[in-house]
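*Asks:* Prediction below, plus the sequence it came from.
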Amino acid sequence: MLNAQEFTQGRQVTEMPSVLSFKDRVTPLNDMVVDRLDNLLPTLMAEADIDMWLVINREYGEDRLFFTLVPQPTFAARRTTMLVFSKQEDGTVERFSVSRYAIGDVYPTIWDGGSKAEQWLRLAQIIEERDPQRIGINTSKDWALADGLSVGLYNQLVANLPAKYQERLVSAENLVVRWLETRTEKELQVYPQVVSIARGVIAEAFSNKVITPGVTTTDDVAWYIRERFEELQVRPWFQPYVNVQRQGDKTTKEDVFMGAPGMLIEPGDILHTDVGICYLNLCTDTQEMAYVLRLGESDVPEGLKEALGVGNQWQDILTGNFTTGSTGNEILANTIADSKAASIISSTYTHPLGFVGHASGPTIGMWDNQGPTPVQGDWKLYPNTVYAIEGNIATQVPEWDNQWIQIKLEQDAVFDGKNVWYLAGRQTQWHVIN
């Protein structure tokens, strides 16, 4: 775990971090994967009371989870790829493949090859030899990322198992969610750089390098962000977007107009963007705000500075309610109550981050539901998990005749079991376009 002093809570990203070539990413990626398999997985299998875990895929119909388990470069499963994780008496986990091909040095294969029928029979034989009491498979009613075993493969598995082992098949959803949400020390050492890349591109986009008021549109800026990520060879996981709030918009505290696509950016505009990338198997989700100076202005209006401060205050209220063992729904309810007590009009829709952008773990509100979220909202908060601290506040701006505006913020942070630390700082000052 990184020392808290290594995080700078309010800093702006001023220098773009270096990005490794695809070739140079292989070593750190594989170091992180093997570290997770050796040191994290045994703990999580014991926690979930799973004796054997089966991850079975077919080429181009992979379980999404598969790619979090295998070394690079791996682009697809080969034919039918069966990964087996078997808990040993000493607490370690034996791992291997029952497949035509080994997967690097990480998964040796213990099948000599043959027909598909013989492959399934070999898997059944291995299960009988090890005699696990609880066999986890990736099936889940409620968690998409824990539901990666296809119906066809499930039917083949059951058809080839003796009846007593069919009865020992259980959902591995708790194991899968914990595997996906838990960040290791190695991952947390590189996560700040990943987030800094996202924030660095936003800083570029929200500057005169990209924006010329009266010429540049919001779509132009969104596509700059997308193409800049592609140039850096980091993968966006959704199309970035940029929108506008403008003095004179007809708004209320319940309904803040955010502008139509492709708007021409003009002096006096408030800009907002939402971007997300994945790099070194770790994903980000970031929203920040900018202001376009009017002719004669040299700084952001005080009312807007105060509004951003209220947004930071809401973030502090939310993260102050992060305690180990609290559910997402409990954190949301406490945040709403504390925000109301502070006379802050807020909406909270915070979600976990990790191998994907909208990751598994506790949901803390949704943009269209500020009440309890069943199942995902009932999941408890664990240490060493990462979140997009996402939401907005609504406030009035004196310089705009008390017009209502929205401050929409999203910054990525780790919960270490006691405190929340922003991985690459957070926005406490407006981006300014001259």
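*Replies:* Happy to help now that I have it. Numbering: from 1, shown residues only.
*Asks:* Helices of this protein, residue ranges please.
*Replies:* 22-35, 41-48, 116-130, 151-160, 163-166, 173-181, 185-205, 218-232, 302-320, 328-341 (DSSP state H).
*Asks:* Keeping just the C-alphas, turn the first one into CSV.
*Replies:* What follows is the C-alpha trace of helix 22-35 in CSV, where atoms were taken according to Å, rounded to 0.1, in the frame of the first residue of the first chain:
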residue,chain,number,x,y,z
PHE,A,22,3.0,-2.4,-25.8
LYS,A,23,6.2,-4.5,-25.6
ASP,A,24,7.4,-2.8,-22.5
ARG,A,25,4.0,-3.3,-20.8
VAL,A,26,4.3,-7.0,-20.8
THR,A,27,6.7,-7.4,-17.9
PRO,A,28,4.8,-5.1,-15.4
LEU,A,29,1.5,-6.6,-16.5
ASN,A,30,2.6,-10.1,-16.0
ASP,A,31,4.3,-9.3,-12.7
MET,A,32,1.0,-8.0,-11.4
VAL,A,33,-1.0,-11.0,-12.7
VAL,A,34,1.3,-13.5,-11.1
ASP,A,35,1.4,-11.6,-7.9
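*Asks:* Next, the angle from that helix to helix 185-205.
*Replies:* Counting by axes from the mean of the first three to the mean of the last three CA atoms, to 10 degrees, helix 22-35 lies at 140 degrees to helix 185-205.
*Asks:* in helix 22-35, what counts as buried?
*Replies:* Using 16 or more other CB atoms under 10 Å as the burial criterion, the residues of helix 22-35 that qualify are 25, 28-30, 32-33. Where you see a C-beta, it was placed from the backbone N, CA and C, and this is true even at glycine.
*Asks:* Show the low-confidence segments of this protein, by residue range.
*Replies:* Across the chain, the ranges flagged by pLDDT under 70 are 1-14.
*Asks:* rewinding a little: want to throw the helices of the chain into TSV with distance to Thr273?
*Replies:* TSV is the format used below for the helices of the chain (distance: least, CB to CB, whole Å):
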stretch	distance to Thr273
helix 22-35	26
helix 41-48	36
helix 116-130	48
helix 151-160	40
helix 163-166	51
helix 173-181	26
helix 185-205	6
helix 218-232	7
helix 302-320	15
helix 328-341	24
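*Asks:* Looking at the buried residues of helix 22-35, which two lie furthest apart in space?
*Replies:* Arg25 and Val33 (11.9 Å; CB to CB).
*Asks:* Need the overlap of contacts for the two.
*Replies:* Counting by CB atoms under 8 Å, 6 or more residues apart in numbering, the contacts common to Arg25 and Val33 are Gln72.
*Asks:* ok, Thr385 touching Ala413?
*Replies:* No: contact criterion CB atoms under 8 Å: Thr385 and Ala413 do not qualify, at 9.9 Å.
*Asks:* out of the helices of the chain, nearest to Ala424?
*Replies:* Distance to Ala424, taken as CB to CB, is lowest for helix 185-205 among the helices of the chain, at 3.8 Å.
*Asks:* For the residue most central in space within the chain, give me its contacts.
*Replies:* In the chain, the centroid-proximal residue (CA atoms, centre = their mean) is Leu353; its distance is 2.1 Å. Listed by CB under 8 Å, 6+ apart, the contact set of Leu353 reads 282-285, 359, 386-388, 412.
*Asks:* thinking again about what came up before, just the helices of the chain: most buried one?
*Replies:* helix 173-181 (a mean of 23; mean count of other CB atoms under 10 Å).
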